[in-house]
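Visitor: Next input, structure requested:
(one chain, ligands or ions: 1)
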Amino acid sequence: MKNFYQDGPSLTNTYRSDLVLQGYLTKILPPDCANEALPHLDHLGQRAATDMLGFAQDAEAHPPIHVPYDPWGRRIDDIKVSPGWQSLEKAAAEEGIVATAYNRKWGSFSRVYQMALLYLYSPSSAIYSCPLAMTDGAARALELFAAPDLRDRAMPHLLSRDPKQFWTAGQWMTERTGGSDVSGTSTDALPFNGTSAFSATHALHGVKWFTSASTSQMALTLGRPEGAAPGSRGLSLFYLELRDPKNQLNQIQIHRLKDKLGTKALPTAELSLLGTPARLVGNEGDGIKKIASVLNITRIYNSICALGHMRRALDLAQDYSRKRAAFGKLLIDHPLHALTLNELESEFKKCFGLTFFIAHLLGKEEVGEIRSSEKVLLRLLTPIVKLYTAKKSIHISSEVVEMFGGAGYVEDTGIPRLLRDAQVFSIWEGTTNVLSLDMLRAFEKEQALPVLLEYFQGCHGVKSKNAGFIKSLEIFQATVKDLQSQPPEKWEASARKLAFMIGDLIAENAVLENSL
Ligand SMILES: Cc1cc2nc3c(=O)[nH]c(=O)nc-3n(C[C@H](O)[C@H](O)[C@H](O)COP(=O)(O)OP(=O)(O)OC[C@H]3O[C@@H](n4cnc5c(N)ncnc54)[C@H](O)[C@@H]3O)c2cc1C
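Guide: Next up, the predicted model:
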């Protein structure tokens, strides 16, 4: 065995190797949609295992660099990104990763088709999926709230399939005082007296502490107009463009790029707004409500990306288990290794069922096909799917690192990155606890609990008398009953446990219903 060298894991077309995705889409998509979507997904699955993989490796190997000054001392705040990162942007536009959702010729299924594209794109994108999430969220917020001229200016770019026309968007909420609690936002929005190509109404002054996609062309952000109330109530939503027609930053100074645990290819900056021209989106006020429409999209993106991440980790572990031998046989032939893999595959399938269930509800809402009870479920389950899939993807990534033994801990195998990148899924777009509390708000404001309990009574798991599902449902019902007589603090302390119980039930039902 002196000359033994281990073969590393490899990928093949990630659509063809994914029987869960194929089975689900074949079942759910109407035939005319499937005729277009399935060949496209096959094509993207091939790219995800070939050229995109090369782009992602280049982007990871050459993280972005902030160049504050030109050689002569002028402040330029250039952010240099790798050719790989640029190619991933080009691929996103060409493949319509955002645009497909807004081409609503298949009604609610356009969103399902688009989320399937994102699911294949994201694990080979070095987290380019993050700028895309905010781009999609911005498109939705502008569609819902912006004046027609502003919509007409930005949306064709955000939804373009032409890489030369394509824009991405940032979502700048977090300040030094907090990302979960933005009530302390100290960005002042003063009257704007100059001229701007997008009819700016205000000049923004403040510091934004986490701005991913800092190379985007536009951003949506929160600010407080003069005289507005303190706290969250006084915040408004603003649109801004980062650069002027001469490609100079629009009164924005970038302080530095964050040195992060993972997401290394993604430029996340700290920056100051120094009188940045910005346009109110809709009327003054309701900033939190309006930016929630961005978060609804980005949280579902986060879930799909976490799901794609799990699939990638498992694909690599499955392949390796057929290449690596120990104690005289391949890893896959060891019952305990095979069982561990099978258990992770079951967790993945539950996440798949849960996430695509919500993605389809989102599609229904966007085209006005959603029933009132489904609308409440969408509101309730959006924070739950995000927190649930994030935690599962961290767990699966950690197990997969271990399944590679020592090689899983060595950087140039590419395996450690799986764990580092997974960790972000539970932090940005709302942490686990913050989202669990958001679920409680849906209980309170939307009366979501009775709607959920009624949904469970008519769901597949109950109708098909599945013993395991019915047992889990009984435990959930008993937990809720116990809480009914308890004070709000007890609900708050139980929120996380309830969120995972609900996530489990919806996921188990989706697995049964779709035979995943
Ligand atoms: C890589 C990366 C990129 C990012 N990009 C962006 C971006 O582009 N735009 C942007 O706006 N933000 C961005 N963020 C910021 C991110 O959204 C915030 O970090 C996140 O929302 C948490 O806010 P915080 O950091 O202020 O933590 P805090 O709000 O201080 O939270 C700290 C801890 O307290 C817990 N906590 C807070 N409130 C409660 C409560 N009521 N009950 C129980 N527990 C609670 C949280 O769960 C968390 O564990 C990014 C973050 C990362 C890591």
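Visitor: Show me what the lengthiest helix in the chain is packed against.
Guide: Scanning the chain for the longest helix, with DSSP state H as the assignment, gives helix 287-321. Helices and strands touching helix 287-321, by 3 or more CB pairs under 8 Å, 6 or more residues apart in numbering; DSSP states H and E, are helix 109-121, helix 129-145, strand 169-172, strand 218-225, strand 236-241, helix 335-366, helix 372-403, helix 416-424. C-betas here are computed from N, CA, C, even on glycine.
Visitor: Those: which one's closest to Tyr301?
Guide: helix 129-145 (3.6 Å; CB to CB).
Visitor: Pull out the buried positions in the longest helix of the chain.
Guide: 287-288, 290-321 (16 or more other CB atoms under 10 Å).
Visitor: What of stretch 185-200?
Guide: 185, 187-189, 192, 196, 198, 200.
Visitor: repeat for stretch 66-75
Guide: For stretch 66-75, by 16+ other CB under 10 Å, it's His66.
Visitor: now swap in stretch 434-453 and tell me
Guide: Neighbour-count burial for stretch 434-453 [16+ other CB under 10 Å]: 435-440, 442-443, 448-449, 451-452.
Visitor: what's the most buried one of the helices and strands packed on helix 287-321?
Guide: Ranked by mean neighbour count under mean count of other CB atoms under 10 Å, the helices and strands packed on helix 287-321 are led by strand 169-172, which reaches a mean of 29.
Visitor: Report the backbone C-alpha coordinates of that strand in PDB.
Guide: Provided in PDB are the C-alpha atoms of strand 169-172 (Å, rounded to 0.1, in the frame of the first residue of the first chain):
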ATOM      1  CA  ALA A 169     -29.400  45.000  -5.000                       C
ATOM      2  CA  GLY A 170     -28.300  45.300  -1.400                       C
ATOM      3  CA  GLN A 171     -30.500  45.300   1.700                       C
ATOM      4  CA  TRP A 172     -28.900  47.600   4.300                       C
END
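Visitor: Which strands and helices lie in contact with the longest strand seen in the chain?
Guide: Across the chain, the longest stretch assigned as strand under DSSP state E is strand 268-280. Packing partners of strand 268-280 (3+ CB pairs under 8 Å, 6+ apart): strand 188-191, strand 202-212, strand 218-225, strand 236-241, strand 252-257.
Visitor: Enumerate the residues of the stretch 151-300 of the chain near the ligand.
Guide: 170-174, 178-181, 210-212, 260, 263, 268 (CB under 6 Å from any ligand atom).
Visitor: Would you list the buried entries among those?
Guide: 170-174, 179, 210-212, 260, 263, 268.
Visitor: The residues of the stretch 151-300 of the chain next to the ligand: which two are farthest apart?
Guide: Farthest apart among those by CB to CB are Asp181 and Thr263. That separation is 22.9 Å.
Visitor: list the contacts for whatever residue of the chain ends up closest to the ligand?
Guide: The minimum distance from the chain to the ligand, using CB to the nearest ligand atom, falls at Gly179 (2.6 Å). Listed by CB atoms under 8 Å, 6 or more residues apart in numbering, the contact partners of Gly179 are 173, 209-210, 428.
Visitor: Could you export the buried ones among the residues of the stretch 151-300 of the chain next to the ligand as CSV, including pLDDT?
Guide: Shown next, in CSV, are these (pLDDT from 0 to 100):
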residue, pLDDT
Gly170, 97
Gln171, 96
Trp172, 97
Met173, 96
Thr174, 97
Gly179, 94
Phe210, 97
Thr211, 97
Ser212, 94
Lys260, 97
Thr263, 97
Thr268, 97
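Visitor: Just give me the closest of those to Phe145.
Guide: Nearest to Phe145 among those, with distances taken as CB to CB, is Gln171, at 14.2 Å.
Visitor: which residues touch the helix or strand just after the longest helix of the chain?
Guide: Once helix 287-321 ends, the next helix or strand along the chain (criterion: DSSP states H and E) is strand 325-326. By CB under 8 Å, 6+ apart, the surrounding residues in contact with strand 325-326 are 331, 334.
Visitor: Apply 10 Å and report the result again.
Guide: Contacts with strand 325-326, where a contact means CB atoms under 10 Å, 6 or more residues apart in numbering, come from 4, 6, 331-334, 337, 405.
Visitor: Pairing partners for the helix or strand just after that strand, with directions?
Guide: Later in the chain than strand 325-326, the nearest helix or strand by DSSP H and E is strand 329-330. Sheet pairing of strand 329-330 (DSSP bridges) gives strand 325-326 (antiparallel).
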